[in-house]
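Trainee: Sequence and predicted structure, then a few things I'm wondering about:
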Amino acid sequence: MKILLKNAHIIDPSENIDQVADILIVDGIIKKIAPKISASENVQEYDLDGKIVAPGFIDMHVHLREPGYEHKETIETGLSAAATGGFTAVCCMPNTNPPIDDASVVKFIKEKSAKALNGLVDVYPVAAATKNREGKELSPMIELVEAGAVAFSDDGSPIENPEMMRRAVEYSNMLGKIIIQHSEDRALAKLGVMNEGLVSTSLGLPPIPSIAEEILIDRDIRIAEYVGAPYHAAHISTAGSVEIIRQAKKKNLPVTCEVTPHHFTLTDDAVRTFDTNTKMNPPLRTQVDVDAIREGLRDGTIDVIATDHAPHSFDEKEVEFLEAPFGIVGLETAVGLAITELVIPKILSINQLIEKFSINPRKILSLPSVKIIVGEKANFTILDIQKQWNVDAKKFKSKSKNTPFGGRTLIGKCYAIINNGMIHFSD
Ligand SMILES: [Zn+2]
């Protein structure tokens with residue numbers, strides 16, 4: 001199959017490419033890039049005038065919910081949401097049922113995702129670091145890596161025991177994989193449901209203090225430094241976390257981190273609505289934290305934007321705030337929020353945006369890089385950064401609709417993705 005993209009604005013920061021050109025793709029491979037390519041027979045031609053073609057985006061923190069929670073999301077619906085949101089690849093987290101702590105579960109996910117949408121979106125499973133994510137015994141890491149796991153995490157739960165964390169970092173490093181930590185000291189977080197501060201006091205809701213996150217990041221960086229291995233902090237949310245990681249990077253420690261679109265967009269003020277779609281873990285923080293996160297994104301302290309896409313059914317969220325599960329869907333709003341909240345206010349350039357959505361996460365996970373050069377696989381996210389649109393959760397491809405961004409007007413959207421020889425349009 002031949003695809004001809006006309007007038008594409010190609011931006012590939014890893015290759016220092018920023019040019020307008022035509023791209024010819026034959027059987028999924030980039031055959032030619034030139035100012036003008038004329039169409040031969042049997043070519044699907046698309047005019048991309050005004051659109052940006054970037055190396056395919058990857059979301060390194062997604063909950064696909066299958067196996068075990070198919071009423072929230074299935075691999076098929078999750079990947080459909082990913083493709084529509086602009087992601088050619090996702091990493092799926094291990095808190096499924098059964099959890100991804102056994103090679104058979106990794107194989108199940110790999111096989112199902114290869115069939116979903118004919119394999120349009122690449123899926124990289126993140127396996128549990130400990131058996132049943134209980135923090136008591138390491139998972140069979142070698143078998144998990146052989147089956148296709150790309151990293152280890154007990155996400156949803158922290159690895160609390162420092163000795164267990166040390167072993168997990170050591171063994172995963174021996175296998176060339178990173179540990180992704182859900183940083184939360186549970187003794188400090190207790191049964192909190194929102195950020196500790198003025199808003200939690202005035203609403204009378206049990207709080208989660210910033211220090212619950214920061215103390216674990218601080219500890220884990222010490223463990224990683226002691227062991228001499230890389231470490232990745234998932235979904236950081238506080239000004240203190242940004243500063244701890246900034247200092248670690250100044251010491252040249254191999255520490256990386258990610259942030260979600262909701263943590264650079266919303267504050268705990270949103271919880272005043274008691275909308276359970278403002279309940280997430282880590283919780284929405286204060287304006288000081290949001291400002292620090294934006295600065296951390298700008299100065300490179302924060303490497304990656306990841307969604308922590310956490311689908312929950314309508315019934316599960318339609319309960320008292322205290323009872324509701326944590327988490328929101330994010331795959332279909334991430335690119336729009338990042339362009340609206342970060343690129344338009346000039347916090348990030350388009351190049352930096354592409355680094356955080358595509359280049360940095362692949363580097364951190366030691367995945368093959370994606371380049372827009374002749375001879376490489378065509379793996380593109382095509383952006384329309386001018387498109388104004390309204391978030392309508394009813395239109396989400398995700399099985400769940402739990403978003404706090406419904407009704408919001410965003411600027412910038414994924415136009416299409418190209419991967420594994422297929423093109424998929426968002427609208
Ligand atoms: Zn988490």
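Mentor: Received it, and whenever you're ready, just let me know what you need.
Trainee: residue contacts, the residue of the stretch 51-200 of the chain found nearest the ion?
Mentor: Across the stretch 51-200 of the chain, the shortest distance to the ion (Cβ to the ion) belongs to residue 182, at 3.6 Å. Using the backbone N, CA and C atoms, a C-beta is placed for each residue, glycine as well. By Cβ atoms under 8 Å, 6 or more residues apart in numbering, the residues touching residue 182 are 153-158, 234-235.
Trainee: where exactly do the helices run in this protein?
Mentor: Taking DSSP state H as the test, the helices found in the chain are 75-85, 103-115, 141-147, 162-174, 186-189, 198-203, 210-227, 239-250, 261-265, 287-299, 314-317, 334-338, 350-354, 360-364.
Trainee: could you dump those helices to a markdown table with distance to residue 58, mean pLDDT and mean neighbour count?
Mentor: Shown next, in a markdown table, are the helices of the chain (distance: least, Cβ to Cβ, whole Å; pLDDT from 0 to 100; neighbours: other Cβ atoms under 10 Å):
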| stretch | distance to residue 58 | mean pLDDT | mean neighbour count |
| --- | --- | --- | --- |
| helix 75-85 | 9 | 98 | 26 |
| helix 103-115 | 14 | 98 | 17 |
| helix 141-147 | 19 | 98 | 18 |
| helix 162-174 | 19 | 98 | 19 |
| helix 186-189 | 29 | 97 | 15 |
| helix 198-203 | 34 | 98 | 14 |
| helix 210-227 | 23 | 98 | 20 |
| helix 239-250 | 21 | 98 | 20 |
| helix 261-265 | 15 | 98 | 23 |
| helix 287-299 | 17 | 98 | 18 |
| helix 314-317 | 27 | 96 | 14 |
| helix 334-338 | 11 | 98 | 25 |
| helix 350-354 | 11 | 98 | 20 |
| helix 360-364 | 5 | 98 | 20 |
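Trainee: from memory residue 58 sits against residue 367, does it?
Mentor: Yes: if you go by Cβ atoms under 8 Å, residue 58 and residue 367 touch, sitting 7.5 Å apart.
Trainee: Considering only the contacts of residue 182, which also neighbour the ion?
Mentor: The subset of the contacts of residue 182 within reach of the ion, by Cβ under 5 Å from the ion, is residue 155.
Trainee: Can you convert the contacts of residue 182 into TSV and add a column each for pLDDT and neighbour count?
Mentor: Shown next, in TSV, are these (pLDDT from 0 to 100; neighbours: other Cβ atoms under 10 Å):
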residue	pLDDT	neighbour count
153	98	29
154	98	31
155	97	22
156	94	19
157	96	18
158	97	23
234	98	24
235	98	25
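Trainee: Give the intersection of the neighbour lists for residue 58 and residue 367.
Mentor: By Cβ under 8 Å, 6+ apart, the residues touching both residue 58 and residue 367 are 89, 124, 361.
Trainee: Among the contacts of residue 182, which one sits closest to residue 324?
Mentor: residue 156 (15.4 Å; Cβ to Cβ).
Trainee: Now do the same contact list for the closest one.
Mentor: Counting by Cβ under 8 Å, 6+ apart, residue 156 makes contact with 93, 95, 133, 182.
Trainee: let's see it at 10 Å
Mentor: 63, 93-96, 99, 128, 133, 182, 184, 281, 310, 326-327 (Cβ atoms under 10 Å, 6 or more residues apart in numbering).
Trainee: Surely residue 355 and residue 363 touch.
Mentor: Yes: if you go by Cβ atoms under 10 Å, residue 355 and residue 363 touch, sitting 9.3 Å apart.
Trainee: Within range of the ion, give me the residues from the chain.
Mentor: Proximity of the chain to the ion, by Cβ under 5 Å from the ion, involves residues 155, 182.
Trainee: Not counting sequence-adjacent ones, nearest residue to the residue most central in space within the chain?
Mentor: For the chain, the residue sitting closest to the mean C-alpha position, by Cα atoms, centre = their mean, is residue 306 at 2.4 Å. Nearest residue to residue 306, sequence neighbours excluded (Cβ to Cβ, 6 or more residues apart in numbering): residue 61, at 3.7 Å.
Trainee: Mind pulling up the pLDDT for that neighbour?
Mentor: Looking at residue 61, its pLDDT stands at 98.
Trainee: Next one: it from residue 260, what distance?
Mentor: Look at residue 61 and residue 260: by Cβ to Cβ, to the nearest Å, they are 8 Å apart.
Trainee: Off-centre distance for stretch 284-299?
Mentor: The gap between where stretch 284-299 is centred and where its chain is centred comes out at 18 Å by Cα atoms, centre = their mean, to the nearest Å.
Trainee: and what of stretch 47-61?
Mentor: 15 Å.
Trainee: Tell me the buried residues in that stretch?
Mentor: If you call a residue buried by 16 or more other Cβ atoms under 10 Å, then stretch 47-61 has these buried ones: 48, 51-61.
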